[in-house]
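Peer 1: build me a model from this:
(one chain, ligands or ions: 1)
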Amino acid sequence: MSELGTVFDDSTTFDGKRLHLAVCGSVACYRAADLVRAWGRLGLHVSVTLSAGARRFVAPMLFESLGAMPIYGDMFADGQEPFAHLEPGQRAQAMVVAPASADALSRLARGAACDMVSAQALAFDGPLVIAPAMNPRMWAHPATQTNVACLASYGARFVMPVSGETACGDTGQGRLAPLSEIFLAGLRALAPQDMAGLRVMVTLGPTREAWDGVRFWSNPSSGRMGAALAAAAWMRGAYVTCVCGPGIRATLPQEVRRVDVTDAKAMFEAARDLWPDADIGMFSAAVADFGPDPYAGGQDVKFCKADAPEGFSVKFHRNPDILQTLAADRRPGQKILAFAAETVAETADLAPLAHAKRARKNADILAANRVNGEDGAFGALSNRVVVVDAAGNEESWPAMSKADVAWGLCSWLLRP
Ligand code: CTP
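Peer 2: Presented below is the predicted three-dimensional model:
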């Protein structure tokens, strides 16, 4: 089950990867323990360095108990390996500094090597992620901002602090970013950048078609599959824009652009505007194919029982088919991933429907899933799909997390 509430909390893609976490002296450093836990649950090997300041707030045993290994401390402590300051650079595939104090930013920016955190960062030539946390005046100071710009120019990626009340009672930007953002940024640093620079548009969630002032027609789609696709593409380096139907609870990485819509018409218009600039379209939304003709008494008015003591009928109209319309108007090179929500007796019955729908919709790849029965995909954490492509390839994947399905579909899309 969910650890930090992200769609990647149950991914298996990063199993066995090595990440180094440096924790600096800030009240927020106790929160780093939850990061170790969440990454550890994905099968990551996490090593940790606690700065001298951090060791005043939290004990190494906390991180040890959560499975982090090794735990580094003072560079000159008795028993410390002589080359411990070089180890993450030789072993870890990504390094995260969270929380990064103002002092740590200053030392990292000027290439100091007088303490374990800065020496390890200096000797680390892989992807570096920094999540600062400090008093808002310290954060706003030009010296800190210059350090941030300097580190960014060296290639560090920042998970910026957020605004709010800080532990010292001041209000402003300086609070550690949500752990979910730091967690995902750590995974992004471990991911292959094989979608770097690609512009990806994702439609996700249900649409909601209004009837009267209080009622609508919709479906139980949670948007989780689309959120997983968006996160996967973003981790692999793409610029991602999501067109989100209503009620989506899944968190999207902050760098993913989000356009919120309610009904199928608005989703169509938003997707149509984005489509010319997209390299890949991922159409995961459960769009309502039909919408009720609006209540004649007025769309803002509640229809009451007294208006139809014997019951009543509603007429439905066809909504635009977003995927089919945009697929018919694609430029060369644009790729399309479609889904098919089917009610079938067995997963095995999906394949013929998947091939037919892929061809009808003119998609490059289509992933079909059952939406009835116990393994129904709507709102579920996992998904069981049959994937087909234009070359006639077909695979039936076992039930897996939506993060893993998304990862696999991105890989299919990249196949020549
Ligand atoms: N889709 C869309 N716009 C619609 C309906 C569907 O963009 N109005 C997209 C979905 O996002 C999905 C694909 O088309 O990628 C197939 O959706 P699905 O609901 O399975 O199929 P339908 O087109 O609705 O066909 P049918 O109802 O006949 O199964």
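Peer 1: which secondary structure element contains the residue of the stretch 51-200 of the chain found nearest the ligand?
Peer 2: Closest to the ligand within the stretch 51-200 of the chain is V200: 14.5 Å, counting by C-beta to the nearest ligand atom. C-beta coordinates here come from the backbone N, C-alpha and C atoms, glycine included. Using DSSP states H and E, V200 falls within strand 199-204.
Peer 1: not counting that strand itself, show me its contacts.
Peer 2: With contact meaning C-beta atoms under 8 Å, 6 or more residues apart in numbering, strand 199-204 is reached by 221, 223, 225-227, 229-230, 233, 238-245, 248, 267, 271, 274-275, 277-285, 287, 322.
Peer 1: which of those are close to the ligand?
Peer 2: F283, S284, A285, V287, I322 (C-beta under 6 Å from any ligand atom).
Peer 1: show the backbone phi and psi for the nearest residue to the last one once chain neighbours are set aside.
Peer 2: By that I understand I322. Computed as C-beta to C-beta, 6 or more residues apart in numbering, the closest residue to I322 that is not its neighbour in sequence is F268, at 4.8 Å. When read as degrees, to the nearest 10, the backbone of F268 gives phi -60, psi -50.
Peer 1: am I right that F268 is in contact with Q324?
Peer 2: No. Look at F268 against Q324 with C-beta atoms under 8 Å: they stay out of range, at 10.7 Å.
Peer 1: who's more crowded, the two?
Peer 2: Taking neighbours as other C-beta atoms under 10 Å, F268 and Q324 compare with F268 leading, 22 against 15.
Peer 1: distance of that one relative to the ligand?
Peer 2: 7 Å (C-beta to the nearest ligand atom, to the nearest Å).
Peer 1: got the contact list for that residue?
Peer 2: N319, P320, I322, T325.
Peer 1: ok, these vs the ligand, which is closest?
Peer 2: I322 (3.4 Å).
Peer 1: just give me the neighbour total for that closest one.
Peer 2: With other C-beta under 10 Å as criterion, I322 counts 24.
Peer 1: quick check: phi and psi on it?
Peer 2: As for I322, its main-chain torsions (degrees, to the nearest 10) stand at phi -60, psi -50.
Peer 1: now T12: closest residue in space that isn't a chain neighbour?
Peer 2: D404 is the one closest to T12 (C-beta to C-beta, 6+ apart), at 5.7 Å.
Peer 1: which stretch of helix or strand covers the one you found?
Peer 2: Here D404 is assigned to helix 402-414, by DSSP H and E.
Peer 1: what does F183 give?
Peer 2: helix 179-190.
Peer 1: over to A33?
Peer 2: A33 belongs to helix 32-41, assigned by DSSP H and E.
Peer 1: any idea of the mean pLDDT in that helix?
Peer 2: Helix 32-41 carries an average pLDDT of 97.
Peer 1: tell me what that helix is packed against?
Peer 2: strand 18-23, strand 45-50, helix 60-65, strand 94-100, helix 179-190 (3 or more C-beta pairs under 8 Å, 6 or more residues apart in numbering; DSSP states H and E).
Peer 1: can you pull out the strands in the stretch 201-350 of the chain?
Peer 2: All strands of the stretch 201-350 of the chain, identified by DSSP state E, counting those that start in this stretch, fall at 209-210, 216-217, 239-244, 257-260, 280-283, 290-292, 316-318, 335-342.
Peer 1: among those strands, which comes closest to P127?
Peer 2: Closest approach to P127 among these (C-beta to C-beta): strand 239-244, 17.9 Å.
Peer 1: partner strands of the closest one, with direction?
Peer 2: Using DSSP bridges, the strands paired with strand 239-244 are strand 199-204 (parallel), strand 257-260 (parallel).
Peer 1: now the last one: buried residues?
Peer 2: By neighbour count, with 16 or more other C-beta atoms under 10 Å as the criterion, the buried positions of strand 257-260 are V259.
Peer 1: tell me if I'm right that L187 and F14 touch.
Peer 2: Yes. Using C-beta under 8 Å, L187 makes contact with F14 at a distance of 5.9 Å.
Peer 1: and the two? Which one has more around it.
Peer 2: L187 (27 against 22).
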